[in-house]
Structures are given as structure tokens and as C-alpha cells.
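1. return a 3D structure for these sequence lines:
(2 chains)
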Amino acid sequence: MSKSKPKQASSEQETPLGLYLHVPFCSTSCDFCGFYQIQSDRKGILSYIDGVKRELELVDAGNRKLDTMFWGGGTPGLLPAADMLKVGAAITDELGMPSQEWTVEMAPSSVKRDKLEALKEAGVTRISMGIQSLNERLLDALGRQHSLKQIHKAYDLIREVGFHSVNVDLIFAIPTQTEEEWRADVRGALALEPDHLSTYCLTFEEDTALFIKLQQGKVSIDPDREARFYTAMWEEAQRGGFEQYEISNYARPGHACLHNVNTWKMAQWIGVGPSASSQWAGTRHTNTPDLKDWLAGLERGERGLVDRVVLNDGLLLEDSLIFGLRMNEGVDLAQLGQRFGRDLTQIALFDQLVEEGQAERVGPSLRLTPKGRMVADAVGEALLGSFG
Amino acid sequence: METVNKRNFSIIAHVDHGKTTLSDRLLEHTNTVAQRVLEAQHLDSMDLERERGITIKSHPVTLVYPAKDGKTYQLNLADTPGHVDFSYEVSRSLAACEGALLLIDAAQGVEAQTVANAHLAEEQGLTIIPVINKIDLPSANLELCLQQLEDLLAIPAEDAILASGKTGIGIEDILEAVVTRIPPPRWSDYQATRCLVFDSVYDAYRGAIAFVRVFSGSIKPKDQVLMMSDHTRAEVKEVGVFTPAQKKVDSLEAGDVGYLVCNIKNPADIKVGDTITQNANPAEEMLPGYKEVRPMVFSGIYPVETNDFEKLKSSMGKLQLNDAAFSFQAESSVALGFGFRCGFLGLLHMEIIQERIRREYGVDIISTYPSVVYKVRKQNGDEIEVDNPINLPDPSHIETIFEPTIVAHIHVPNDCVGDILALVMEKRGSCERTDTLDGTRLILECILPLNEILVDFNDRLKSITRGYGSMEYELGEYRPAKLVKMDILVNGEPVDAFSSIVHAEKAHTKGGELCTKLADIIPPHLFKIAVQAAIGGKIVARDNVRTMRKDVTAKCYGGDISRKRKLLDKQKEGKRKMKNIGNVSIPPDAFIKVLKND
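-> Numbers count the residues shown, from 1 in each chain, chains lettered A, B, ... in the order given. From the prediction side, this is the model:
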């Protein structure tokens, strides 16, 4: 494909390339999770590994090599060590070892020494562990299947085996959670001394147990409370020497997740596995979110059939702004203007954001202030359709 | 049936005094409608009428009653609209009768509308049969009701029939009283045919249908008839009676109540109050009391979705077919686009029409601030009528503005008089007379500007008097007033739909109230938005719409940009349902919400 579009190929050479692998297996289903996941069994795992290989055969990456790789899910850590190695080799044989970063998500309950050693051996540089909370009551409220003890044991093991970067995920604004409990969670997580911290305000995704509770009126959404929790998070992170670099992400210097940052900067990525999304070869598309359908499609030599969008400069510019402004460094308007051939010096919306104290200009960059970050969706909504 | 064995009567009452339930019992008792098909409130067939417990259209029905004297009588019952907005309709329905049952709620006693309706009935020369209803209620106070009857209405207490529409007590007595006390049809020996039109409905197949009371002569299919108000001629296609369903008959005779289908398509050509006579032998005088109904309150109605304009137009057309008092004509607003200027009998009428457009025709609409009809005398001597604030001439061209007033009779408990007088003052009214109603209540006769009572007067009256106060009114004269046009600006842009004509001295207060309310109704926006009230370019009040405090969601991982875009798009879609003025999204109900007092 890259041969028939020489111009596209040259720009593809310039932007980083990532690979996102979706591993759909979970041991149980969490009340808040809206990602595609199924219970694992041997037969399913084998067909999945086979599918990954097939899909990689269908991806024509030319001579491109990976910069980053991210395994998410589901629970990638649920795969047995040998299977992880097989999948890893299938990818790196085809696309090379990621030159910058390789992240694998793990759940505390599935962290085992043999798996960690296998991953380290394979070249994984970063482990991301969803601990969600350090409060037993709230862990229960989330329907999670791990204990505080498991969290600590898993974290120590990861550190013992040794990875360049370790991230822990927390969830906040859980029903009944107090602001004090939330601060305690953040402090507890920072006390683990991770390199990276992701904190997600609980969202009510359709088709989740929590969403049903919301509809039944058993829980409610209170934006003011959520705003207080966000602010508390900022304060605690700062106190702990962590720098926020995106709405939900904090890191020690040099430990931001490159894979995600590249995504938000509208680089390129190949999504492999059911429900994985790609932005690659001039289109954006998503794999069907069903293991069987995904396999059947691959059987016919098809992938990425959902939400197929042909990319154009306007759309990419718009998304660079929408997603770029979610990052603390903001967007470099001069650079974006050059990349997409648009003059971004006189955009009324930007002036107004600055005027109202929701954004600030730093050199050629525009970035949101804490006040603006709190309404980043509204900013994104205002940008939607203005360039694309 | 012989004319002497016919009786025409109506039931009049204050709202909620049990009129419709009692009518149902009469239908049931005379086997007009079998019990199993008798839905609660059979006669109020419109959903809205049932929900609100009010009657909007008249629902005549003919009952056949074998009386104790051994003769069988034909009783024509007209269930009349029960709200002050429809008082002309009430008066025409009454004009079609010789008698009226005056219903009084045993627990509530005589109310303002009871008195007003009793007077209306007396003016029509009707025999009044007082009925104390709901006597089964534990809170019934018979003694007080009977005392009020004598004191307030000068009706002997012994005339009263004690009844309960709920349990059926007194129904037989009422039917006997209708036969024995109400006189047989009047004016039946007039030398020519005269039929009074007291309502009309539209039928898609048969066209306009007139509801008539035949006073003299007879009428049958193929007759050439004459509408006496404007001398239009028509041919009768069908006549019939109400059972209460329409049932075709060969002819209608003196004393009958029934319906008339002519070769008239447009219901506006059939005027309530008109007299229909035979073209071959026309009557010389019309039946008394005809007048042109003129809308009192005007408001703009606009589709939320611009594409719905045609749908709205056709819905209004259909509504008008059954409601000649409702008028509309196309207009356009800078803020709202293309819509209609609509005329209503009053605020209730306005609400009902709006509700029906939404519900029965499924069109989302927004309405502008209601206005009365002002008379403006210009400097050059011209006099114009203004029913839309945006049409008010430039102040430099105005000599005097005249506003319509009403004469209101307000019934209030003694201990609330002070507060009510304060309310009347606040509404720029004056109290002309005070009468004692009974030991506990007073009647205040007040003159008030119509525009002051449009929005919340009745609600305030009810709340001050804890529901015991009541009011009825008639139109008074036009009088000069110091009025100005107040504009509302949202984010610096005037929103013409919110413009109103207010008294100069109240502009500040009113502007402040409006701004605060509107600022509260408009959902939080990304940017600071000012809501301002201005008079002649000068800002008199302002408030700010809340800015959004939190609108951010996490999770855009695994690179599903399309999904996040879809979520943002969904969020944006929610705002498309609002009216966007400048870059401000105003919810469609904001326009009506600002009018309501909470």
C-alpha cells in the first residue's frame, strides 16, 4: 500500500509507529469496565494466538519498525508465560523490537514471577498494573477481585524482577468514596514509589453493571464532587513530586507513556486483536469487538471493519488539537500549522479560551490551565467539526 | 316529541366542584350510556381535559327520562367549559338553555366562579337549581353552603338539592327538578326558524359541524339556510342529535339540541353565537347575545427544529378547525426563525394549545413572552394596535400607550386581605369595592391591567390564600399607562423572543428577575455569558450564566479516537436540541420557564 501512495509513505516515515495489542481475556468482569473482554479458556486462547499471527500477516508495514508497543485488555497478564512469549515473538518477528517502549497491563491477581521473568526476557520495559484503590471497601464496591495484600505482593514482585517503568492505575469518585479516602488512595499509591500514576474518574460506560445502577438511580453523578476529586488529585500529585502530563496521567520526569503520547499527537498505530483500533495507512478503523467475528474476518483476509474513516489533514489537525490540549504541554500551533498546512495564529476560540483563563499561550504553544483542563470535553466539543 | 316535554339545561360550577362526575351520573341514571362503557368523566373526551379536570369543548348530550308524572321527557344537557378564558363559550352554552344546575362543592362553598356563573345564568334568564355536591365528604359544611346561597346569590336555601356525584345521592331529585322547575323551551312560537350556534367542531369528511339549539321552527337536510351574522347561505347536508355520540336524525325541531352539517368546509364560517335561519322564510331578528370573539393574549410559537415549520403550520390549522377562538399568522423572529404569531382567549387557552401541539402533533415548540393588545397613539395622531413588543414604535413617535384592564372579583379569606391588596398594588391595580361574603370571606372588586395578571397572578392568589382564594374577571376599558419595551440580551445579542412591554417603574425589578431566571435556566457554558435587560439601549439589569465547572472524561487509550469523537458528538447533539443564539444554547423550555413563578 505504501508503494502506491508515495506521499503518504514519506509522512509515515516521519511519525512514530506504535502497536496496540488487545488481549480480550479476563478472569472476571469488573463493574466499571466497558472494554471488550471475555472469560478465558484454553481453546479461546489458542485461537486468539492464531488470530494475532494471521492479522499480522495481513498488515503491510513495509519496512517500518515499531517505536512503541502496548498490550492492553482485558487482562494481558492472564495469558500463561509461554503464550505471552509466542505472541510477543509473532509481533517482533514481523515488526521488529519496539525501539522506545513496550508496556504490558497486568492485574494484581495475575502477577506471577514466571510471567514477569518471561516478559522481561522478551524485552518488555514497562508494566502497568490496575490496582484501582487501596481501600478494601472501595475495591469491593468496584467488584474487583483482588485484595490489598495481593496488590502489595504483586508490586514488590514487579520491582524485584525489575522493569524500567512501572505504572499503577487508580479509580476515583467511586460511589460512597469520600475526598479524604481518595487522598489516602493517592498517597498510598505514591508511597509505593511507582514511576507513573494513572488516575481515572469513574465513568459510567454503557453495558456495564455500574451503568445499570446509574439508570436504576442507585448511584448518581455529581460533577461538583468529581471536580473536587480532580483538584485533590492535583494537589496530592504535586506534593508527591509527580508531574501531570495529561488529564489522567502523572509521571516522574522521563516516565511518561510514550505510546499514549504518540497516540494523542496523532502519530500512527496498528491495532491487533478484537476491538483494537488502528490509525495506519491513511485510515482509521477498529477491529470487530468479538473474538469469533474477528477470527472469521481474518479467515476471509479482512480486518478493521468498524468505523472506517479515511484520514485527511483537517481531521488529523482537529484531533491533534482535541487530544493535544488534554496534555499539559498543550499543542504547538506553529508546528501543527506547518504539519497540516493551516494558519492557526488567528483562531477566535483560542483567543476566547485565553481571555477566560481556560488556556494560556506559551511561545507558539497553547495549553489549558487547570480550570480549562477541568472542562476539556467542552473544549473538544467546541473544536469538533471546526477543521475536519 | 312535543316541545313542552323538552328541557334544556346546563351545569355550571367553579372548577373542580364535580361538574363532570355529576354529568356522568345523570347519563348513567338515564341509561344514556351503559355503566360498563362509562369511563370516568365520559364527557371530557380530550386527554388534556381529563388530566386537568377541566372542560374545553362543550359536550352536549340528550337524555331520555321517564318522570314521576308518568310522562317521558327529553333532557338536553350542555356540559360547558369551566374556565374564565372561555366565558363567551359558557355564555353561549347557557343561552341555549332554559335552566341551569348550579353546583357547589359542599366542602369548598361558594367561590368566585360560582357567583360569576350564577350571574351569567341569571342574565340569560335561566332558572337556577342549586345543587350542593359532594355531601358525602367528611369536610362537608352544609350549613355554610346554604347560608352562602341565601346571602350571596339570593337563592332560598330550601331550593337546594343535596347530592353526591360520587355516590349517586340526589340524582333522582335533580332529574325531577329539571322536569318540574325548568320551564319548557322558550320562544318556540316565533314565526320563523331560529337556531343558536353554541359550538362547532371539524370533521375531516363532513367539514365544519355546528352544534345548535333549535329555538323555533325546524331544520332538516336539503334546507337552504342563512347565517344571520354575515348573511352567508348554505345547504343542510345532515342533522343529528348527541347520544352522546352523533346520531343522524330526519329533522331537528324546536327545543332540540343537535348538530348540523352544511356544505361548509371552513369552520371559521360557522361562528359561535350566530343564528341560523331558513333562507326561504328568514327570521327578522337574530337570537340575542352574538359577538365576535377576539383573542386577548398573543404569543409567538416557533418550531425548535426549523424543518418542522410546515408540520407546525398544519397542526395549527387542524387545531383552529375545532377552536375558532385561536388565531395564527406567520411571523419571523431574529432569534427563533420562522414561526407564528398566535392569539388566545387567555393564558390557559394558550397553554392548552401549546400542549396540544406538542402532544397530539408531536412538534417541539417554543413560545415567546405573551403580550396583550396595546393601543398606541402616535405623535402624528395615528392609532395602532400592538400585540407584539417588537412592533412597538420608537419611543419618540409615541404619544400615549393604552393598555387593556380587567375588572376582577376576588374572593379572599379575611385574614389574607392585606396580602392580596398588596399583590393588587404590586400588579398596578386598585381596589374599588369591598363586600362581605360571609363571616370569613370578602369580595374585592379590583381594576387591574390585563398584562399584569397574565403570568402568575392566579398562582400567587392561590398561594397567598392557601388555595381558598378565587377570582373571575371581565374585560374593562383601555387606559393610558407609562409603558416601555424591555429587551433581553444574551451574550450581547438581543433575543427578540424575550422582549416584553413593561411598566416603566417596574422595569428594573422585572428586568432583574428575568435576567436571574434566564441565567439560571441556561445550562452552564464553557465561556462566561451575560444576560442583560435593556430599555432603549440602556442596560437596567444583568446576570451571568454559570460557567461549566467540570466537563472532562478520562480514558482515551488503546487509540480509539473514533469512539471519543463519537462521545463528544453525542454531547454536542444534546445541544442541537436547544435553540442556538449566537454561540449560546438555550433550552426550548426556557422561553416558557421564564414566565413561570416557582
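2. CA atoms for contacts and neighbours, from now on please.
-> Noted.
3. whichever residue of the stretch 451-598 of chain B sits closest to chain A: neighbouring residues, count only.
-> Across the stretch 451-598 of chain B, no residue is closer to chain A than residue B:551, which sits at 4.2 Å (CA to the nearest CA). Applying other CA atoms under 10 Å in any protein chain shown, we find 18 residues neighbouring residue B:551.
4. so what sits opposite the residue in the stretch 1-150 of chain A that chain B sits nearest to in the bridge?
-> Among the residues of the stretch 1-150 of chain A, residue A:20 lies nearest to chain B; the distance is 6.2 Å by CA to the nearest CA. Beta bridges link residue A:20 to residue A:70, residue A:271 when assigned by DSSP bridges.
5. so which residue is dead centre in chain A?
-> Centrality entry for chain A: nearest residue to the mean C-alpha point is residue A:260, 5.8 Å, by CA atoms, centre = their mean.
6. per-residue confidence for residue 45?
-> Using chain A. Predicted confidence (pLDDT) for residue A:45: 93.
7. ah, no, chain B please
-> 51.
8. same question for the one 3 residues further on.
-> The confidence metric pLDDT takes the value 57 at residue B:48.
9. same question for the one 4 residues further on.
-> Predicted confidence (pLDDT) at residue B:52: the value is 54.
10. same deal with the one 5 residues further on?
-> Confidence at residue B:57, expressed as pLDDT, is 61.
11. hmm, back to that, list the contacts for the residue of the stretch 1-150 of chain A closest to chain B?
-> For residue A:20, the contacting residues are A:69-72, A:269-272, A:276-277, B:558-559, by CA atoms under 8 Å, 6 or more residues apart in numbering or on different chains.
12. any idea which of the residues you listed the model trusts least?
-> Among these, residue B:558 has the lowest pLDDT, at 64.
13. so what's the residue count around residue A:305?
-> 12.
14. count the neighbours of residue B:75 for me.
-> Residue B:75: 23 neighbours (other CA under 10 Å).
15. what's around the nearest residue to residue A:99 once chain neighbours are set aside, how many residues?
-> Spatial nearest neighbour of residue A:99, chain neighbours left out: residue A:67 (4.8 Å); criterion: CA to CA, 6 or more residues apart in numbering or on different chains. The tally of other residues near residue A:67 (other CA under 10 Å) stands at 22.
16. mind listing the strands for the stretch 151-300 of chain A?
-> A:165-172, A:196-201, A:243-246, A:249-251, A:268-272, A:277-280, A:283-286 (DSSP state E, counting those that start in this stretch).
17. wait, what's in contact with the residue of chain A found nearest chain B?
-> Nearest residue of chain A to chain B: residue A:375, at 4.2 Å (CA to the nearest CA). With contact set as CA under 8 Å, 6+ apart, residue A:375 has these partners: B:526, B:548-552.
18. how much space separates residue B:376 from residue B:451?
-> According to CA to CA, to the nearest Å, residue B:376 and residue B:451 sit 15 Å apart.
19. whoops, I mixed them up, residue B:277
-> 40 Å.
20. still on that earlier bit, next, format the strands of the stretch 151-300 of chain A as JSON lines and append mean neighbour count.
-> As requested, the strands of the stretch 151-300 of chain A are exported to JSON lines (neighbours: other CA atoms under 10 Å in any protein chain shown):
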{"stretch": "strand A:165-172", "mean neighbour count": "23"}
{"stretch": "strand A:196-201", "mean neighbour count": "23"}
{"stretch": "strand A:243-246", "mean neighbour count": "21"}
{"stretch": "strand A:249-251", "mean neighbour count": "23"}
{"stretch": "strand A:268-272", "mean neighbour count": "27"}
{"stretch": "strand A:277-280", "mean neighbour count": "26"}
{"stretch": "strand A:283-286", "mean neighbour count": "22"}
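21. and residue B:367, which of those strands is closest to it?
-> strand A:196-201 (39.8 Å; CA to CA).
22. pLDDT weak spots in chain A?
-> A:1-13, A:144 (pLDDT under 70).
23. picking up where we left off before, of residue B:277 and residue B:451, which one has the most company?
-> Comparing residue B:277 with residue B:451 by other CA under 10 Å, the one with more neighbours is residue B:277, at 29 against 23.
24. beta partners for the more buried one?
-> Bridge pairing for residue B:277 - DSSP bridges - gives residue B:226.
25. I'd say it and residue B:196 touch.
-> No: look at residue B:277 against residue B:196 with CA atoms under 8 Å: they stay out of range, at 9.2 Å.
26. and the end-to-end length of stretch B:579-594?
-> Terminal-residue distance, stretch B:579-594 (CA to CA): 15 Å.
27. now do stretch A:355-371
-> First-to-last residue span, stretch A:355-371, CA to CA: 12 Å.
28. with stretch B:131-146 instead?
-> 10 Å.
29. chain center to that stretch, what's the gap?
-> 28 Å (CA atoms, centre = their mean, to the nearest Å).
30. what residues sit buried inside that stretch?
-> Using 16 or more other CA atoms under 10 Å in any protein chain shown as the test for burial, stretch B:131-146 gives B:131-136, B:140-142, B:144-146.
31. repeat that for stretch B:579-592.
-> B:579-581, B:584-591.
32. mean confidence score for that stretch?
-> 75.
33. returning to that earlier point: could the strands of the stretch 151-300 of chain A go into JSON lines alongside distance to residue B:221?
-> Listed next are the strands of the stretch 151-300 of chain A as JSON lines, based on distance: least, CA to CA, whole Å:
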{"stretch": "strand A:165-172", "distance to residue B:221": "79"}
{"stretch": "strand A:196-201", "distance to residue B:221": "76"}
{"stretch": "strand A:243-246", "distance to residue B:221": "83"}
{"stretch": "strand A:249-251", "distance to residue B:221": "85"}
{"stretch": "strand A:268-272", "distance to residue B:221": "81"}
{"stretch": "strand A:277-280", "distance to residue B:221": "76"}
{"stretch": "strand A:283-286", "distance to residue B:221": "73"}
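34. which bits of the stretch 1-150 of chain A sit near chain B?
-> A:20, A:22, A:70, A:72 (CA under 8 Å from any CA of the partner chain).
35. on that earlier part again, okay, and which of the buried residues of stretch B:131-146 map to strands?
-> Among those, the members falling in strands (DSSP state E) are B:131-133.
36. ok, for the residue of chain A closest to chain B, nearest residue in space, not its chain neighbours?
-> residue B:551 (4.2 Å).
37. double-check that neighbour against residue A:371; I have them as touching.
-> No: applying CA under 8 Å, one finds residue B:551 not in contact with residue A:371, separated by 10.5 Å.
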